[in-house]
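**Q** got a structure for you, letters missing:
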């Protein structure tokens, strides 16, 4: 791939490819009964190995270019330092391409098995932190969850005893770089943290060196809101106003994108949250519980210690809509699972008490909703961002690293399995396992039942 002069569209694909490649620690637990440190080292070594292979393997180089080098990291942060199980709460790496005159800071999204990521970063939105207290510049407030994540990225994460900002500054100086772009990217949680980190860099741009022409950009995808829309006094002192002023003044080049069928970018603006219950209603996925969940999300923005009590969030603009396509084949598979129960009353009576069988319809709508939501938030972006071919090769590369490390859990076989796996965490039962069961023929089912009776 000749990337000496990339178009904006090609550059965006490369940046988003590196963004998604930062998520290699997703869903993985590394264990060492001797010490927590050894468990963490296994996790860190695995993420580093995947990163190195992505940059060096010809299959992935075809889509990102062949001259990428690691400037810093990737660094994995695990909040729990007392467990023999290590999981990634945050991951970030910094890479540079001389041909493209481009730094990419790639920030991983929420790890589905990280309670710290969910509770302390994603969901901590009723509390806020003043932006000026973080960088010494600007005004307005961001969610405490975003502030926590940003603190981890800028202060807690160290690679060879150095933070990312110092590493970039030194790299620019050592390589005598005269002109460059620093692009900060991430998906989901990374889609919230990447614009925040881009602003952090912009506010401290003078510290990077006055002799280098530096463009700062951010390429967030599928991120929730991070900033407060209004202050008590006036909207012109809000964080959103400050950020959009930096965009208008070309201090930050903002390239945020969202899938219209993804629920995550709808958080935490109450005017968007109210739309979630009917997001897939044209496919007859409806349930009164969806409204309750939206209500819970809205109540999560209210804090009795604030005045006014409700935190009013808004997406940074411009936020580009990528459209979105409903995944009918996957939805049909979810429906077939519940048809299995309807078509096998003897088995259903054997497994599920009669008083609860009437709730299967509600459970079906919840399963279809969360499976679709998981797909639209993760895999759907491969096609929408134009990185399908890269992701196919990335998964092969990551799988090979998995094969070489017996302690690394296996990667999900396909996008449906991943979506159903994520949905399982929301609904509370193993959808993939029951799908396998529902695909058995009558003879296999009969044998399974008879063996169970024995």
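**A** Sure thing, it's come through. All values reported here derive from a predicted model rather than from experimental measurement. Numbering: from 1, shown residues only.
**Q** Find the nearest non-adjacent residue to residue 267, please.
**A** The shortest distance from residue 267 to any non-neighbouring residue, by C-beta to C-beta, 6 or more residues apart in numbering, is to residue 224 (4.2 Å). Just so you know, the C-beta spots here come from the backbone N, C-alpha and C atoms, and that holds for glycine as well.
**Q** Would you confirm that that neighbour contacts residue 272?
**A** No: with contact defined as C-beta atoms under 8 Å, residue 224 does not count as touching residue 272 (9.8 Å).
**Q** who has more neighbours, those two?
**A** Neighbour tally, residue 224 and residue 272, criterion other C-beta atoms under 10 Å: the higher count belongs to residue 224, 25 against 19.
**Q** and that one, which of the three is it?
**A** Three-state call for residue 224 (DSSP: H, G, I helix; E, B strand; the rest coil): coil.
**Q** got a list of what it touches?
**A** Going by C-beta atoms under 8 Å, 6 or more residues apart in numbering, residue 224 touches 122, 191-192, 264-268.
**Q** picking that back up, need the residues touching each of residue 224 and residue 272.
**A** Counting by C-beta under 8 Å, 6+ apart, the residues touching both residue 224 and residue 272 are 265-266.
**Q** quick one on the thing from earlier: any idea which of the contacts of residue 224 is the one closest to residue 287?
**A** Nearest to residue 287, judged by C-beta to C-beta, of the contacts of residue 224 is residue 266 at 17.0 Å.
**Q** one step back: out of the contacts of residue 224, which is most surrounded?
**A** Neighbour-wise, the contacts of residue 224 (other C-beta under 10 Å) top out at residue 192, 32 neighbours.
**Q** Tell me if that residue really is in a helix.
**A** Yes: counting by three-state DSSP, one finds residue 192 located in a helix.
**Q** where does this structure dip in pLDDT?
**A** The chain contains residues with pLDDT under 70 at 1-6, 33-36, 231-235, 403-413, 448-454.
**Q** Residue 154 is in contact with residue 163, correct?
**A** Yes: using C-beta under 8 Å, residue 163 makes contact with residue 154 at a distance of 6.5 Å.
**Q** one step back: distance check, the residue nearest to residue 267 against residue 111.
**A** Counting by C-beta to C-beta, to the nearest Å, the gap from residue 224 to residue 111 is 16 Å.
**Q** got it, and residue 394?
**A** Going from residue 394 to residue 111 by C-beta to C-beta gives 17 Å.
**Q** got it, and residue 37?
**A** From residue 37 to residue 111 the distance is 19 Å (C-beta to C-beta).
**Q** Looking at those two, which is more packed in?
**A** Comparing residue 37 with residue 111 by neighbour count (other C-beta under 10 Å), the higher total belongs to residue 111, at 25 against 12.
**Q** what about that one, which SS state?
**A** coil.
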